[in-house]
Structure formats: structure tokens, C-alpha cells
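[1] Got a sequence here, can you build the structure:
(2 chains)
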Amino acid sequence: MDDSIAAARRTITAEVTPPMTTEPAASAAPPAALLVADDLRRDYGQHRAVRGVSFELRQGQVLGFLGPNGAGKSTTMQMLAGTLAPSGGRVTIGGHDLLESPEAAKALVGFLPEQPPLYTELTVDEYLAFCARLRGVSRAALAAAVGSAKSRCGLADAGRRVIGNLSKGYQQRVGIAQAIVHSPTVVILDEPTVGLDPIQIREIRTLIAALGRAHAVILSTHILAEVQSVCTDVQIIRRGELVFTGSLAALDARAGDAALTVALRSPPAEGALAALPGVQAVVALGAGRFRLEGTVDPTAVAAAAVAGGWGLTELAPQRRSLEQVFVDLTTADEAVAPQEQAA
Amino acid sequence: MKTFVIAARELRALFLSPLAWVIAGVLTFVLAWLFLLQVQFQLDLQGQMAAQPGAPGATARVGAAMLGTAGFIMMWIVPILAMRSFAEERAKGTLALLLASPATLSEIVLGKFLGLYALLALMLTLFVAMPASLSLGTSLDWGHLAAAALGVLLQLGAYAAIGNWASSLTRHATIAAVTSIGLLLLLLLIDAAGTLRSEASAAARWLSLSTHGQSFNEGRFSTTDLAYYLIVMAAFLTLTVRRLDAERLPR
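    Alright, predicted model coming up:
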């Protein structure tokens, strides 16, 4: 979470967008959308896996697609990559409709499916060369494309090794390398860190953060920490519907409006606490402890406590963790958060 | 263009697996044995043959006979070589790589077919080399030999297209092999019941694989039979494209 890259990126995109509004940031004209998903739907027989997912992806964005298992993440990713046809809606990549001109659209996409699509009998070099040629990289540019993908994914020394003999972490890197070998504008990564050990996860995350500078990246995950460490923007999907779309800062802001717990040796009347700036409600917890709800500045509380001689012994901000926000968003009943259902 | 990229990888994968080498080795051994038997037979009968006008020569007795047998044996072998084609791509998840690439489904299917067909053509070259070697000691009817070889080549194409299609139905290679062997046997025997009572319908006889290899094997270039094999190939390649397309579409 405290990854410096992610922190820096968060300040850049610190626009607090309310959920599900599509107004662009007021400050600067946003770059053109590289990928537009419009009302994507997909049914498996009677089961509606994805129902009306719409969003845009722009240059420089690393969009985290977050949701519990079975929420429709992989189905959406496959529809974006064109390996699955949507039941309804459309996908536009770099101005090309994925259904009407699939060849032009797919040439702009690099896709890492949940299961890395590796020909385990080939060497890394052979495999990457095949992937590049398949996506239309010319014979003349082939060596440079393969070399650059290898060096970016830390595979420079592994070129002549047979993929089947590589460790899981290296195989995952090869999977990412094939997704970027043809310099696509959009990189789609479906659960890129599943099954890796913590060190490998760190390496892959660093790699994804670096990819975000050159490409627009969309990655799906069910791990919140992953989104926090590499993503600029977040989408949360639940039962096939988007329940949150916004920057990471906006998600953070949701976690922020929580409460402050204070313990006072000689507490004043509750009215005095309620009068403090930002306090919306005061809940007495007994034994001189109170929970001040609302966006309360702890320094103001401390200053007031000193000035009033309340005998402040404890002052603890109670932030809802992002984990809690995520759980609330993904498990809430339809009735609890109706304003978030307008997808 | 992308067709050939896919075909080249397919051929490479076939050569990297021991299966193709084992099959090529065993087949060459069996067919060489058969070839030598035919040569022996020809030598034993040479005296009697020479007395009869219009008796079959070395090309027909040795070359065509051996290639006819090769065509029959390959009916059991091609499904085994083709079984992994799509089934393994599906099981290993690499089908997604092809489907997400800018290659069209037709390019993917044609590429995989051509990769396998190239290997089969190489194997056929090995088989044809045996009767061709007789030219060292006798004069051969090259036209007859070429027609017989072309007949087998066309048969191999039909087998490969059917094997590819069966492989596109499943993720288990063995199921694909059994399916295509079953279908090939059915096509071979479809006119058998009628033929025994000499009342096979024209449609059944036209469909049957057994009626189309004969003229090439006897040295005649038959456009009807050429059309039959090309139609079978085109039909099953199209079915494979349709099958892969159906997999993407919502049910």
C-alpha cells in the first residue's frame, strides 16, 4: 500500500469522483479513451454472469477490476479481449469496434488470461517470437520486440530456456511478456498474481506499475492490497454489476468518513462535544469514552480538551479499512445501497 | 500470413513431441517390411508375369499396392496425430492466445490444418521413396506412381481435416482420436451393407471413403474423386471454424 509509485500516482489522480458518475475531472481535458466498454452483458444459459458493465480506460490508467470470486471478472476480461462474445453491448478499442473489425481492435490488445497461455515445449524466445508474429510484428522488428519484452519482464537471461522448465513466477512473467511483446495500447491482465509467492507478487506488481506508464492497463483481482499497490483507478464488480467506479483516492475517501474515539477523565456535557467542528453525532460508550462520528479533526478535539480541562487520555481515529469498504460494497443487499446500483 | 505463422508453430510442436517421431519410425518400418514382401512376391512371379500380355508391372504390384496399404494404415494414425490439435490448446489455455490474437478463426483453423498436413506430406515422401528406389533396378511407370501418391495425399488431407474437427469438439485428446477414428470407419463402411447386396444407393457410395481411393491407386487422375476429397476437407475445416465460433458466442 505504501509503495511510493502508487502513492505518487494517487496524488496525481486525487479527484474525488462520486460513484458511478462519468463526469471527467474538472482540472484537465482527459486523454481520449483507449478502451470503451458500453453496457456489456453476458449470459450463460439462464445465468446472467455480467449485466450492463460500462466504463472507459485512458492512457496512463491502471484500472483495478476488483470483485469476489465468481462476480464476473474473468467473463468481463474475456469479453474485452475478444475471446468471448458478449450477449449484448459493445467494446471499442482504439476506435475499432471489437465485433465489427476484430482484427484491427485485437492488434491493439495484449491479454494475459487467468491461465497463462504458454506453449510449454517452446523456449521463451521461440514463444515470444511466435506471439509477436501472430500479432503482426514484422520480421525486421521481431528481435527488438522480443528483446524489449524480455528485458521489461526480467527475462533477459531466460531466453533460451524451455518454458515448461521455468518456475511458476517466471512462467507468469512470460505470460505478461507475451501480452506486451507487440507494444499494445491496452494490456488486459486477468488475475496476474494468483499462485505466486510474496516475493514474486512484489516483482509482478512492480512490473505492472511500470507497464502503466506506457500502456493503459486493466487488471482483475480479488485481492484488495493489489489494487492499492498498483492501481490508479478502481472498479468493484458484484454479481455482474459495477458497484463502484472511481479513483483510488475516491475509494480512500469512502474509508475516511468514519469516527474518532476519545476517552476523557472529566468529560463535559455531550452538547459540548457535539459542538466541536465536524462532529455529526456523539455516542457515549461509558466510562468517559465517546465516539464522535463525522469528519472530525483530531487536533481540534485535542485543543478543545486541553482548553476545557477534560483530561484527555485517549484519542483514536477509527477509519473504516478499505477492506471494510470492499466487503460492504460487495456483500450489501440491493436495498442497502440503492444509489450504487444505477449501473 | 498469420496462417503460416500458426502452421509453422504447429509443425514445430509436432516435431518437438516424441509422438510424431515414433509414429514415423514405426510406420516406416512396417511399410518397409510390406514393401520388401511385395518385392519378393514380384520377383517370384516375374517369370509367369512376363508370359502374360498386360500383366501388372512393378509399379502397380509393388508401388501402388504399398501406397494403398499406407493410405489405409494412415486412417488409424492421422487421428492420433491430429487429436491434440485443438483439444490440447483448450486444455492448456493456449486457445485463448489464438482467439485473442488478430488472426481470424479461418486463419487459425487453416494454419493448424496446414501444419499437420505438412508433417503428413513429409511422411508420405518417406513412403514414396521406397517404391521410387526400384527405379535403380527396373523402369517405373512414374505417372502411375505419382497418381497413387496424390491419391494418398488427398486421403491424408481428408483424414487431417476430420481429425482437426474432432479435436475441436473436446478438451481430451483421446476422445478426439476415438471420435475421428469412429467417423472415418463409418465413412469407410457407409456403403458396405448395400454393396454386399449390390443395391447401395448412389449417395451412400459417393459418401464412402472406400470408393474414392481406387482410381488414383490404379493410376487414373479422377476429378470426381479429387472433388470428393477437396469437399470433405473444406466441409470439415468449415465445421471446425463454426465450432470454435460457437464457443465464443452466448448460448
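[2] Pick out the residue nearest the middle of chain B.
    residue B:156 (1.4 Å; C-alpha atoms, centre = their mean).
[3] which phi and psi does it have?
    With angles defined as degrees, to the nearest 10, residue B:156 sits at phi -60, psi -40.
[4] ok, now which ones touch it?
    For residue B:156, the contact set (C-beta atoms under 8 Å, 6 or more residues apart in numbering or on different chains) comprises B:71, B:74, B:78, B:117, B:120, B:121, B:124. (C-beta placed from N, C-alpha, C; glycine too.)
[5] Equivalent analysis for residue B:155, please.
    Listed by C-beta under 8 Å, 6+ apart, the contact set of residue B:155 reads B:71, B:74, B:75, B:209, B:213, B:229.
[6] and of the residues you listed, the nearest to residue B:177?
    Closest approach between the contacts of residue B:155 and residue B:177, by C-beta to C-beta: residue B:75, at 12.0 Å.
[7] in what helix or strand does the residue lying closest to residue A:197 once chain neighbours are set aside lie?
    In space, and not counting its chain neighbours, residue A:197 is closest to residue A:169: 7.1 Å by C-beta to C-beta, 6 or more residues apart in numbering or on different chains. For residue A:169, the host element (DSSP states H and E) is helix A:168-180.
[8] Could you do residue A:55 as well?
    Element membership of residue A:55 [criterion: DSSP H and E] is strand A:47-58.
[9] Pick the one among the contacts of residue B:155 closest to residue A:52.
    Of all the contacts of residue B:155, residue A:52 sits closest to residue B:229, with 49.4 Å by C-beta to C-beta.
[10] which residues touch residue B:136?
    Not one residue lies near residue B:136 by C-beta under 8 Å, 6+ apart.
[11] about what we covered before: the residue nearest to the centre of chain B and residue B:118: what is the separation?
    For residue B:156, the distance to residue B:118 equals 11 Å [C-beta to C-beta, to the nearest Å].
[12] what about the nearest residue to residue B:154 once chain neighbours are set aside, how many residues close to it?
    Taking C-beta to C-beta, 6+ apart, and ignoring the residues beside it in sequence, residue B:154 has residue B:229 as its nearest neighbour in space, at 3.8 Å. Using other C-beta atoms under 10 Å in any protein chain shown, residue B:229 has 23 neighbouring residues.
[13] what distance separates the start and the end of stretch B:210-225?
    Stretch B:210-225 has its terminal residues 11 Å apart, counting by C-alpha to C-alpha, to the nearest Å.
[14] let me redo that: stretch B:97-111
    Stretch B:97-111 stretches 14 Å from its first residue to its last (C-alpha to C-alpha).
[15] and that stretch, anywhere near chain A?
    Yes: contact between stretch B:97-111 and chain A, assessed by C-beta under 8 Å from any C-beta of the partner chain, occurs at B:97, B:98, B:99, B:100, B:101, B:102, B:103, B:104.
[16] Nearest spatial neighbour of the third one, chain-adjacent residues omitted?
    Beyond its immediate neighbours in the sequence, the residue positioned closest to residue B:99 (C-beta to C-beta, 6+ apart) is residue A:83, lying 4.3 Å away.
[17] give the contact list for the one you found.
    By C-beta under 8 Å, 6+ apart, residue A:83 lies in contact with A:111, A:113, B:96, B:99, B:100, B:248.
[18] Lowest-confidence one in these?
    Of all the contacts of residue A:83, residue B:248 has the smallest pLDDT value, namely 87.
[19] OK, contacts around that residue?
    Residues in contact with residue B:248 (C-beta under 8 Å, 6+ apart) are A:83, A:84, A:85, B:99.
[20] So the last one is in contact with residue A:85, correct?
    No: checked against C-beta atoms under 8 Å, the pair residue B:99 and residue A:85 is beyond contact range at 10.4 Å.
[21] okay, the two: which has more neighbours?
    The residue with more neighbours, out of residue B:99 and residue A:85, is residue B:99; 25 against 17, by other C-beta under 10 Å.
[22] buried sites along stretch A:42-52?
    Residues A:42, A:43, A:48, A:49, A:50, A:51 are the ones in stretch A:42-52 that count as buried (16 or more other C-beta atoms under 10 Å in any protein chain shown).
[23] Select from the residues of stretch B:97-111 next to chain A the one having the most neighbours.
    Most neighbours among the residues of stretch B:97-111 next to chain A, by other C-beta under 10 Å: residue B:101, with 28 neighbours.
[24] How about it, nearest residue that isn't a chain neighbour?
    Nearest one to residue B:101, counting by C-beta to C-beta, 6+ apart, is residue A:134 at 4.6 Å.
[25] Give the burial count for that neighbour, as a bare number.
    Close neighbours of residue A:134, defined as other C-beta under 10 Å, add up to 25.
[26] Residue B:3 is in contact with that one, correct?
    No: with contact defined as C-beta under 8 Å, residue A:134 does not reach residue B:3; the gap is 10.6 Å.
[27] Mind listing the shared neighbours of the two?
    Shared contacts of residue A:134 and residue B:3 (C-beta under 8 Å, 6+ apart): residue B:103.
[28] quick one, what contacts the closest residue to residue A:79 other than its chain neighbours?
    In this structure, residue A:79 finds its nearest non-sequential neighbour in residue A:86, 4.9 Å apart by C-beta to C-beta, 6+ apart. The neighbours of residue A:86, taking C-beta under 8 Å, 6+ apart as the test, are A:40, A:41, A:42, A:50, A:79, B:250.
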